[in-house]
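S.K.: mind folding the following:
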Amino acid sequence: MTLKELLIQYGNTTDPVKEADIIERWFIENDFEDLGLSMIARLSAKKIKKLQDKLSFAQSWLPSKIDMNVNKEFVNDKTTADMLNKITTYCMLSMPLPDSVLDWAKENIPNINVPKFFFMPTVKYLRKRYNIEFKDKPEWNF
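M.R.: Coordinates of the predicted model:
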């Protein structure tokens, strides 16, 4: 039985654990364990590279991070400056926003123009991950 037929037999599923069990069963029943093991090695190498890229990104940007508290635009708005600092840090670390920060971002970012001095990958991070855009919706290709 082909892998496709086996997946169809077990029905469409979006449960990655169930899919993994079905795929594992197919490798065993078809005596393809060696192929599966070689795939694991390749997948591991790709995952390690992704993690290394995230680490390199954070290591290169965190030391030069702009502090929004010294930005003249937020001299009277410490909350906004602090939250933008947090969001930028989470972006630099490739981490998801905690719920409290995400809730603030959803409510406030659409009412704020991108600061003059700002870590621009944060704009893309907010747009792609959370569909949150700044008021002036910059369209730079980054």
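S.K.: mind listing what's buried in whichever strand or helix holds Trp26?
M.R.: Using DSSP states H and E, Trp26 sits within helix 16-29. Using 16 or more other Cβ atoms under 10 Å as the burial criterion, the residues of helix 16-29 that qualify are Ile22, Trp26, Phe27. C-beta: built from backbone N, CA, C; applies to glycine.
S.K.: okay, now the unreliable bits of the protein?
M.R.: Within the chain, the stretches falling below the threshold (pLDDT under 70) are 12-13, 139-142.
S.K.: residue closest to the middle of it?
M.R.: Closest to where the C-alpha atoms of the chain average out (Cα atoms, centre = their mean) is Ser94, at 5.6 Å.
S.K.: returning to that earlier point: same for the helix holding Trp26, what does it pack against?
M.R.: Counting contacts by 3 or more Cβ pairs under 8 Å, 6 or more residues apart in numbering; DSSP states H and E, the secondary-structure elements packed against helix 16-29 are helix 3-9, helix 33-61.
S.K.: can you tell which of these is closest to Lys124?
M.R.: helix 33-61 (12.6 Å; Cβ to Cβ).
S.K.: alpha carbons only: can I get the next helix or strand after the closest one in PDB?
M.R.: Of the helices and strands lying after helix 33-61 in sequence (DSSP H and E), the nearest is helix 78-92. C-alpha atoms of helix 78-92 as PDB (Å, rounded to 0.1, in the frame of the first residue of the first chain):
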ATOM      1  CA  LYS A  78       6.700  55.300  28.700                       C
ATOM      2  CA  THR A  79       4.100  52.500  28.400                       C
ATOM      3  CA  THR A  80       4.300  52.600  24.600                       C
ATOM      4  CA  ALA A  81       8.100  52.800  24.600                       C
ATOM      5  CA  ASP A  82       8.400  49.900  27.000                       C
ATOM      6  CA  MET A  83       5.900  47.700  25.000                       C
ATOM      7  CA  LEU A  84       7.700  48.500  21.800                       C
ATOM      8  CA  ASN A  85      11.000  47.500  23.500                       C
ATOM      9  CA  LYS A  86       9.400  44.200  24.500                       C
ATOM     10  CA  ILE A  87       8.000  43.500  21.100                       C
ATOM     11  CA  THR A  88      11.300  44.300  19.400                       C
ATOM     12  CA  THR A  89      13.100  41.900  21.800                       C
ATOM     13  CA  TYR A  90      10.700  39.100  21.200                       C
ATOM     14  CA  CYS A  91      11.100  39.700  17.400                       C
ATOM     15  CA  MET A  92      14.900  39.600  17.700                       C
END
